[in-house]
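> just need the structure, nothing else, for what follows:
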Amino acid sequence: MRSFKSLMAAAFALLTFLALAPATLAHAQFPAYLHAISDLRSAREYLKMDTRPHTAGARDYAIKEISRAIVEMKNAARDDGKNPDFTPPPQSGGNPGWPIHTAEKLLREARRDVDHGRDMPENAGLRERSVDHIDKALQALAPFL
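Residues are numbered from 1 along each chain as shown. Model prediction:
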């Protein structure tokens, strides 16, 4: 009877460990991606505020690449069992008078967050694709900075 209780306690402890181990790995990488999603959303909104005609083509291309990066990160968040719509506020404030400069600053912060995150095998290249989209957005904005 005593050995049965010990065996049951060990089995319970093992099951608890197995249930919590994957959640810990997913949670460990997640905050950086949440901040990046938030920064990317803010950068996209700042770019939408800039209505100068000579920046329209580059701005629209950058917005498209930012949206693609957000989609990549939201898919990974869903794969991790998280809600990608719950994101913290952007890491830096902005200046509506210089929307492209603010967007560039937020894009660099998002890139730093994504670049330091781990690319889990389940995410199938999330980090590289997201960084690529962010880099394309930054390249499109470069002539106007």
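> residue ranges with poor pLDDT in the protein?
For the chain, applying pLDDT under 70 flags the ranges 1-31, 76-84, 86-97, 117-124.
> ok, Lys136 touching Ile63?
No: Lys136 is beyond contact range of Ile63, at 11.3 Å (criterion: C-beta atoms under 8 Å). C-betas here are computed from N, CA, C, even on glycine.
> Phe144 touches Ala56, doesn't it?
No: using C-beta under 8 Å, Phe144 makes no contact with Ala56, being 10.8 Å away.
> in terms of neighbours, single out the busier of those two.
Using other C-beta atoms under 10 Å as the criterion, Phe144 and Ala56 rank with Phe144 on top: 15 against 11.
> residues contacting the more buried one?
With contact set as C-beta atoms under 8 Å, 6 or more residues apart in numbering, Phe144 has these partners: 55, 58, 100.
> show me where this protein has helices.
Taking DSSP state H to define them, one finds helices in the chain at 2-49, 56-79, 99-116, 126-141.
> residues touching Pro143, list them.
Counting by C-beta under 8 Å, 6+ apart, Pro143 has contacts Ala58.
> same check on Tyr61?
Contacts of Tyr61 (C-beta under 8 Å, 6+ apart): 136-137, 140.
> before we move on, what about Met73?
33, 36-37, 40, 84, 114, 126, 130.
> now render the residues you listed as JSON lines, adding distance to Leu47.
As requested, these are exported to JSON lines (distance: C-beta to C-beta, whole Å):
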{"residue": "Tyr33", "distance to Leu47": "21"}
{"residue": "Ala36", "distance to Leu47": "16"}
{"residue": "Ile37", "distance to Leu47": "16"}
{"residue": "Leu40", "distance to Leu47": "11"}
{"residue": "Pro84", "distance to Leu47": "20"}
{"residue": "Val114", "distance to Leu47": "18"}
{"residue": "Leu126", "distance to Leu47": "23"}
{"residue": "Ser130", "distance to Leu47": "17"}
